[in-house]
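**Student:** coordinates only, sequence not included:
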């Protein structure tokens, strides 16, 4: 009976402890790109999920004798990606790509945690320049809880345990850009995957710990009975 009770409490606690994704009431993905070589431009082009279903794939490209410039922006469920490539052969070349997510959510009686895996790759020898940036803005009821930008690859984890019933907005913007007027060339690729999860409340954690404790007691009792039976047989 003790084991059954412990398993029941453990299951009940784990249902809350294991973070579950929070759904967004409304969300908007946007991609935009621009490429230019010596004043010859392609774009800007912009696309969003109000008019186009996911995935969004938007590109701009200029390739001519005095240089090349390419820009690509991609957006899909929980994923942003952007790349830029430039090479000057006499004319200044530039490219930029931007992928953005904007979503509104409700915490539904719990807190929330945000996990972002941002990765970037830059190949910019010589005097050429390339850069990527991830901007994160998290608002709850109009108040900025977090606002920052990141320039190097990293795993970003944020937790806000006391937001029961509040509405929030998550804004993620990924930018990739390149500029070359020296002939060295520059390439940049960046991506960010993200998930917004529920955070267990203290009562749920206590329930889980209580269940684990009861399981430990149950296991100890079984070992004691087994040891007693073995001794009796001896």
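**Tutor:** Looks like it arrived, so ask away. All figures in this text were calculated on a predicted structure; none of them were measured in a lab. Numbering: from 1, shown residues only.
**Student:** which elements pack onto the host helix or strand of residue 168?
**Tutor:** Per DSSP states H and E: residue 168 is located in strand 167-180. When contacts are defined as 3 or more CB pairs under 8 Å, 6 or more residues apart in numbering; DSSP states H and E, strand 167-180 sits against strand 67-76, strand 79-88, strand 93-106, strand 111-123, strand 129-140, strand 186-199. C-beta: built from backbone N, CA, C; applies to glycine.
**Student:** mean pLDDT added to those strands, as CSV?
**Tutor:** Formatted as CSV, these follow (pLDDT from 0 to 100):
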stretch, mean pLDDT
strand 67-76, 97
strand 79-88, 96
strand 93-106, 96
strand 111-123, 92
strand 129-140, 95
strand 186-199, 92
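**Student:** let's have these in JSON lines, adding distance to residue 162 and mean neighbour count.
**Tutor:** As requested, these are exported to JSON lines (distance: least, CB to CB, whole Å; neighbours: other CB atoms under 10 Å):
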{"stretch": "strand 67-76", "distance to residue 162": "31", "mean neighbour count": "25"}
{"stretch": "strand 79-88", "distance to residue 162": "28", "mean neighbour count": "25"}
{"stretch": "strand 93-106", "distance to residue 162": "15", "mean neighbour count": "23"}
{"stretch": "strand 111-123", "distance to residue 162": "6", "mean neighbour count": "18"}
{"stretch": "strand 129-140", "distance to residue 162": "10", "mean neighbour count": "20"}
{"stretch": "strand 186-199", "distance to residue 162": "9", "mean neighbour count": "21"}
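**Student:** mind putting the ones you listed into a markdown table with distance to residue 153?
**Tutor:** Converted to a markdown table, these look like this (distance: least, CB to CB, whole Å):
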| stretch | distance to residue 153 |
| --- | --- |
| strand 67-76 | 18 |
| strand 79-88 | 13 |
| strand 93-106 | 16 |
| strand 111-123 | 5 |
| strand 129-140 | 9 |
| strand 186-199 | 9 |
